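Engineer: One predicted model, sequence on top.
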Amino acid sequence: MRRIWSDKCIVLGVTGSIAAYKACDLASRLVELGAEVVPVLTKSAREFVGAASFEAITGQRAITEMFEPVQNPAIEHIALATRASLFIIAPATANIIAKAAHGIADDWLSTTLLATRAPILFAPAMNSNMYSHPATIANIELLKSRGCHFVGPESGRLACKTIGPGRLIDVQAIIEAATPLVSGNHELAGKRVLITSGGTREPVDPVRFLGNRSSGRMGRALALAALARGAEVTVITGPAHVAPPYGARVVEVETAAEMAEAVAKHAPKADVVIAAAAVADYRVKAPSVQKRKRDGAPVTLDLIENPDILAALGKSRRKGRILVGFAAETERLLENARAKLQKKNLDLIVANQVSVADSGFEVDTVKGAILDRAGPNEEFPLCAKEEFAERLMERIVALANAESDSSGIGRANFVPGG
Ligand code: CTP
């Protein structure tokens with residue numbers, strides 16, 4: 001994420017909503033990611049928050065007036081409209097949306113929105129009736145048809161004491177929605193990436209299950225890396241500690257059988273399948289309908305094998321589809337991983353050393369190696385799962401490009417950095 005945001009110029013337009021204070025958090029997170037954030041506060045935004053907060057957070061002078069003596073030519077509106085990598089309008093009121101839709105330029109922000117050719121992301125926040133008013137709906141549709149982007153709003157309790165759609169979506173989702181827009185990387189544009197993530201739960205009785213310690217962090221990091229390259233991403237996830245990123249289509253499942261069914265449904269259209277889920281190899285043959293009672297006697301659970309989802313995909317490979325697996329190992333890491341690569345007929349496998357501290361389940365870091373069918377193993381030191389996901393995605397893009405070259409179709413959809 002830092003690599004993507006580093007040194008990018010983000011114009012953060014804040015308009016007059018009670019949610020304006022949340023834009024301080026957004027500004028702070030963007031600065032933390034390495035972006036240069038230029039805050040712009042409309043007149044009504046300043047009724048809710050002060051320019052000084054944004055100036056302290058971003059280290060930039062907040063733009064508040066259209067006709068100030070030009071002290072800094074770099075933030076003059078045409079200069080900034082040209083230099084900005086992205087405009088984020090958060091919170092975006094019905095008013096700024098209407099003005100942008102109809103080309104009204106009556107203050108710094110609306111004028112610069114008209115002048116820029118950078119991507120624009122609106123995060124609306126307003127009363128539910130205003131949001132569902134036909135005028136607002138039509139304005140949003142019009143802006144979308146011209147290539148503007150929207151994130152949120154969420155439904156919930158609003159400042160006006162009503163409950164409904166209109167709440168500013170959380171800051172993390174705004175950043176996730178903005179990431180592909182700011183990345184400028186289209187290596188996977190037009191490609192469908194399917195990711196399995198999280199663990200599975202196999203019922204023992206109505207209240208108990210057999211599960212594992214998968215947190216879903218790796219699946220989430222991979223989805224982010226694919227989205228940042230312009231892919232269409234579907235995440236089939238079992239129960240997990242973290243949610244997939246904004247922008248991914250999410251299919252929630254619980255058991256291995258449900259995951260197998262969901263993969264069978266979504267895999268046929270996928271160009272890349274990454275199996276990051278920790279799927280239970282066995283399930284209880286006959287889960288008890290009623291809660292099992294303790295009676296002092298030893299308990300034996302009769303387990304039967306689950307389908308191997310990834311192996312099934314490897315058996316019925318579609319030409320051009322890239323299959324990537326994970327091998328969670330506690331011993332003979334590379335040997336076991338290579339055996340799985342071959343047995344499941346994969347293009348790449350990640351040998352994941354789960355027996356060392358800080359690598360594997362429930363942690364943010366990972367250590368191991370990436371293996372392919374031909375080349376040398378690419379060992380990687382302990383690193384953040386996000387950093388690792390970037391590395392793996394680069395390998396996937398390289399494979400896809402090699403595939404396109406050898407098939408003679410060309411690289412239409414796999415242009416590095418294109
Ligand atoms: N996998 C799968 N379906 C299963 C089991 C595993 O799709 N029923 C996938 C995992 O998502 C992972 C890869 O296969 O990408 C290897 O999973 P792993 O648990 O390491 O290996 P297993 O094949 O289950 O073998 P073992 O447990 O004996 O090590």
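Structural biologist: Cool, the structure landed. Numbers count the residues shown, from 1 in each chain.

Engineer: Let me see the mean pLDDT of stretch 279-289.
Structural biologist: Mean pLDDT, stretch 279-289: 96.

Engineer: Check which residues of it are buried.
Structural biologist: Within stretch 279-289, the residues scored as buried using 16 or more other C-beta atoms under 10 Å are Val279, Ala280, Arg283, Val284, Pro287. For every residue, glycine as well, the C-beta is placed using N, CA and C.

Engineer: Let me see the confidence value for the spatially closest residue to the last one that is not a sequence neighbour.
Structural biologist: Nearest residue to Pro287 in three dimensions, chain neighbours excluded: Pro203, at 4.3 Å (C-beta to C-beta, 6 or more residues apart in numbering). Confidence per residue is given as pLDDT, and for Pro203 that number is 97.

Engineer: so Pro203 bridges to which residues?
Structural biologist: For Pro203, the beta-bridge partners are Phe209 (DSSP bridges).

Engineer: How about Arg2, nearest residue that isn't a chain neighbour?
Structural biologist: Leaving aside its chain neighbours, Arg2 sits nearest to Gly34 (5.2 Å; criterion: C-beta to C-beta, 6+ apart).

Engineer: For the stretch 101-250 of the chain, what lies in contact range of the ligand?
Structural biologist: Residues of the stretch 101-250 of the chain found near the ligand (C-beta under 6 Å from any ligand atom) are Thr196.

Engineer: all strands of the stretch 101-250 of the chain, in order?
Structural biologist: 120-124, 149-150, 154-157, 163-167, 192-197, 202-205, 208-210, 232-237, 249-252 (DSSP state E, counting those that start in this stretch).

Engineer: okay, these in TSV with mean neighbour count next?
Structural biologist: Shown next, in TSV, are the strands of the stretch 101-250 of the chain (neighbours: other C-beta atoms under 10 Å):
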stretch	mean neighbour count
strand 120-124	25
strand 149-150	18
strand 154-157	12
strand 163-167	19
strand 192-197	26
strand 202-205	17
strand 208-210	17
strand 232-237	26
strand 249-252	16
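
Engineer: wait, which of those is closest to Glu305?
Structural biologist: Closest approach to Glu305 among the strands of the stretch 101-250 of the chain (C-beta to C-beta): strand 202-205, 11.3 Å.

Engineer: Quick check: the most centrally placed residue in the chain vs the ligand, distance?
Structural biologist: Among the residues of the chain, the one closest to the centroid is Pro245, at 3.1 Å (C-alpha atoms, centre = their mean). Noted for Pro245: a distance of 19 Å to the ligand, by C-beta to the nearest ligand atom, to the nearest Å.

Engineer: Leu210 too?
Structural biologist: From Leu210 to the ligand the distance is 13 Å (C-beta to the nearest ligand atom).

Engineer: Pull the contacting residues for that residue.
Structural biologist: Arg201, Glu202, Val204, Ala280, Tyr282, Arg283, Val284, Leu301 (C-beta atoms under 8 Å, 6 or more residues apart in numbering).

Engineer: which residues touch the second one?
Structural biologist: The neighbourhood of Glu202, defined by C-beta under 8 Å, 6+ apart, consists of Phe209, Leu210, Gly211, Thr255, Ala256, Ala280, Tyr282, Arg283, Val284, Pro287, Asn306.

Engineer: One more pass at 7 Å, please.
Structural biologist: Phe209, Leu210, Thr255, Ala256, Ala280, Arg283, Val284 (C-beta atoms under 7 Å, 6 or more residues apart in numbering).

Engineer: quick one: the first one and Pro203 touch, right?
Structural biologist: Yes - counting by C-beta atoms under 7 Å, Phe209 does reach Pro203; the two are 5.2 Å apart.

Engineer: you'd agree Gln60 is up against Val40?
Structural biologist: No - applying C-beta under 7 Å, one finds Gln60 not in contact with Val40, separated by 10.1 Å.

Engineer: For the stretch 201-350 of the chain, which segments count as helices?
Structural biologist: 217-227, 256-266, 309-315, 333-343 (DSSP state H, counting those that start in this stretch).

Engineer: With adjacent residues omitted, what lies nearest to Leu310?
Structural biologist: Ala275 is the one closest to Leu310 (C-beta to C-beta, 6+ apart), at 4.3 Å.

Engineer: Show me the shaky parts of the stretch 301-418 of the chain.
Structural biologist: Within the stretch 301-418 of the chain, the segments meeting pLDDT under 70 span 360, 407-418.

Engineer: Show me the strands in it, by range?
Structural biologist: Counting by DSSP E, counting those that start in this stretch, the strands of the stretch 301-418 of the chain are 303-305, 322-329, 348-353, 365-372, 378-384.

Engineer: Can you give me the buried ones in the first one?
Structural biologist: By that I understand strand 303-305. Buried residues in strand 303-305 (16+ other C-beta under 10 Å): none.

Engineer: Might you report the residue contacts of the closest residue to Leu301 other than its chain neighbours?
Structural biologist: Excluding its sequence neighbours, the residue lying closest to Leu301 (C-beta to C-beta, 6+ apart) is Val284, at 5.4 Å. Contacts for Val284 (C-beta under 7 Å, 6+ apart) come out as Glu202, Pro203, Val204, Leu210, Leu301, Asp302, Leu303.

Engineer: Looking at these, which is nearest the ligand?
Structural biologist: Proximity of those to the ligand, judged by C-beta to the nearest ligand atom, is greatest for Glu202, which lies at 10.9 Å.

Engineer: how near is that closest one to Val251?
Structural biologist: As defined by C-beta to C-beta, to the nearest Å, Glu202 lies at a distance of 18 Å from Val251.

Engineer: and if you look at Thr116?
Structural biologist: The value you get for Thr116 to Val251, if C-beta to C-beta is used, is 36 Å.

Engineer: thought the residue nearest to Leu310 was touching Thr196?
Structural biologist: Yes - Ala275 sits in contact with Thr196 when judged by C-beta under 7 Å, with a separation of 4.9 Å.

Engineer: joint contacts of the two?
Structural biologist: With C-beta under 7 Å, 6+ apart as the test, Ala275 and Thr196 both reach Ile309.

Engineer: Most widely separated two among the buried residues of stretch 279-289?
Structural biologist: Every pair of the buried residues of stretch 279-289 checked by C-beta to C-beta; the farthest is Val279 and Pro287, at 17.4 Å.
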